[in-house]
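# Quick one: sequence plus predicted model below, questions after.
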Amino acid sequence: MNFRFVGIPEAVAREVRETMHAPDYGHPAHQTVAQGYGPCRLCLRTFRVGVDERILFTYNPFPEGDLPAPGPVFIHAGSCARYDAAEFPADLRALPMVLEGYRSSGERVTQERVAGSAVEARLERILRDGADYVHIRNGEVGCFMARVENTNR
């Protein structure tokens, strides 16, 4: 099975950086120096604590459906390239993760915790068992980290 791992859309990051407001909600975004772990939701690389400037804003990973799931996410304050590749993002592997499988209708069909070395096998099973795509969420606080698409469909 083939996967595609993607960060949030570049247009969302660009809008946040330009307006310092959350798309869809208008809530103010906040820029600070990274004080904790976590990935940029665009490039999917973890922040260097005490070094990288990051922007916190509210993001809904379901903009086209009726399943609102807004939550806090971070992006680099400066430009970075959107992650869009077949390989699991290396910086995510060490983070606590929950995989949520969804049908294209937005219905969640599974949710499970996973450790870094078992991610691909779990993703394959989730997608084979009826999910059309998967959200990777932080296993400690539940916020959205990335989307996984099945490229075999």
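That came through fine.
# switch to C-alpha atoms for all contacts and neighbour counts from now on
Noted.
# Residue 69: neighbouring residues, count only.
Number of residues near residue 69 (other CA atoms under 10 Å) recorded here: 13.
# right, I mislabeled it, should have said residue 101
26.
# how about it, what does it touch?
108, 109, 110, 111, 126, 127, 131, 132, 133, 134, 135 (CA atoms under 8 Å, 6 or more residues apart in numbering).
# Kindly indicate the member of those with the most neighbours.
residue 134 (25 neighbours).
# quick one on the thing from earlier: pull the most distant pair out of the contacts of residue 101.
Spatial extent of the contacts of residue 101 (CA to CA) is set by the pair 111 and 132 at 13.6 Å.
# returning to what we had before: just curious, which of the contacts of residue 101 is nearest to residue 117?
Scanning the contacts of residue 101 for proximity to residue 117, where the rule is CA to CA, the winner is residue 126, at 15.8 Å.
# Sort out for me which of the contacts of residue 101 are in helices.
Judged by DSSP state H, the subset of the contacts of residue 101 located in helices is 126, 127.
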